[in-house]
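**Student:** from the sequence below, what's the structure:
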Amino acid sequence: MASLLDSYEHQFGGLTAEITTKIAKIPNLSGSEKRSMISSVEKNMDEASELLEQMDLEIREIPSKDRQRFSNRLKSYQVEMTKLEKEFKRSRIAYSDLQHGRSELLGGDDASTSEDQRARLLDNTERLDRTSRRLEQGYAIAVETEQLGADILDNLQDDRRKIERARDRLRETDADLGKSSRILSGMMRRFLPST
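**Tutor:** Predicted coordinates:
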């Protein structure tokens, strides 16, 4: 399992390096090259997010003594991913601002308006994707929690039955001891000479 996590980490490292390089190129591109680069970065971001989800699932299966160490590494990767998403957004906005400045200098703003709209659409799509992923994760956690709760209730019911059986046995033993005590007292009275 650790080797699988190492493989995921290696893939994630390669993807983030590739994403960083591509993000740096976006402000200097235009037209179809820029659209192609943005599309490529989005694809890489989705792959990186999927890798993080896979790591999270694998970490849940690790024995608890090692889980904290891997969980901390996963958190640092998630922070890195958030930074990359912000840089990606900034690179697109920087490009959009550059286009807007050119447009104003050249006297037209149709290109700027459509670029702004496209950037907003991309942002909204990203936001929806992130929200969908969070909802899916939340649902998975809710299902897992529900199952865990059901297991705990089953265990508690078993424990309750065991305690009730033990209490019944204790009462029977107490009754048996009372009988034994009365029998012994009777025997002692018979054998001891009366004074």
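
**Student:** and Leu57, how many neighbours does it have?
**Tutor:** By the measure other C-beta atoms under 10 Å, the count of residues near Leu57 is 10. Bear in mind the C-beta positions are built from the backbone N, C-alpha and C, glycine included.

**Student:** what of Phe88?
**Tutor:** The criterion is other C-beta under 10 Å. On that basis, Phe88 has 22 neighbouring residues.

**Student:** how about it: what's its closest non-neighbour residue?
**Tutor:** Using C-beta to C-beta, 6 or more residues apart in numbering and skipping the chain neighbours, the partner closest in space to Phe88 is Ile23 (5.3 Å).

**Student:** pretty sure that neighbour contacts Lys86?
**Tutor:** No. Between Ile23 and Lys86 there is no contact under C-beta atoms under 8 Å: 10.1 Å.

**Student:** the two: who's more crowded?
**Tutor:** Shown here are Ile23 and Lys86; by other C-beta under 10 Å, Ile23 has more neighbours (22 against 10).

**Student:** work out for me the element the more buried one sits within.
**Tutor:** Ile23 belongs to helix 2-25 when assigned by DSSP states H and E.

**Student:** list the buried residues for that helix?
**Tutor:** Buried residues in helix 2-25, counting neighbours by 16 or more other C-beta atoms under 10 Å, are found at Leu5, Tyr8, Glu9, Gln11, Phe12, Leu15, Thr16, Ile19, Thr20, Lys22, Ile23.

**Student:** now do it: which elements does it pack against?
**Tutor:** Secondary-structure packing of helix 2-25 (3 or more C-beta pairs under 8 Å, 6 or more residues apart in numbering; DSSP states H and E): helix 31-61, helix 64-106.

**Student:** from Lys25, how far off is Ser36?
**Tutor:** Separation of Ser36 from Lys25 (C-beta to C-beta, to the nearest Å): 11 Å.

**Student:** what's in contact with stretch 136-150?
**Tutor:** The contact list for stretch 136-150 (C-beta atoms under 8 Å, 6 or more residues apart in numbering) reads Glu53.

**Student:** recalculate using a threshold of 7 Å.
**Tutor:** Around stretch 136-150, nothing counts as a contact under C-beta atoms under 7 Å, 6 or more residues apart in numbering.

**Student:** worst average pLDDT in the helices and strands packed on helix 2-25?
**Tutor:** Lowest mean pLDDT within the helices and strands packed on helix 2-25: helix 64-106, at a mean of 75.

**Student:** and the next element down the chain from that helix?
**Tutor:** Past helix 64-106, the next helix or strand by DSSP H and E is helix 110-191.

**Student:** chain center to stretch 16-33, what's the gap?
**Tutor:** In terms of C-alpha atoms, centre = their mean, to the nearest Å, the centre of stretch 16-33 is set 29 Å apart from its chain centre.

**Student:** end-to-end on that stretch?
**Tutor:** Start and end residues of stretch 16-33 are separated by 20 Å (C-alpha to C-alpha, to the nearest Å).

**Student:** contacting residues around Ile93?
**Tutor:** Ile93 touches Ala119, counting by C-beta under 7 Å, 6+ apart.
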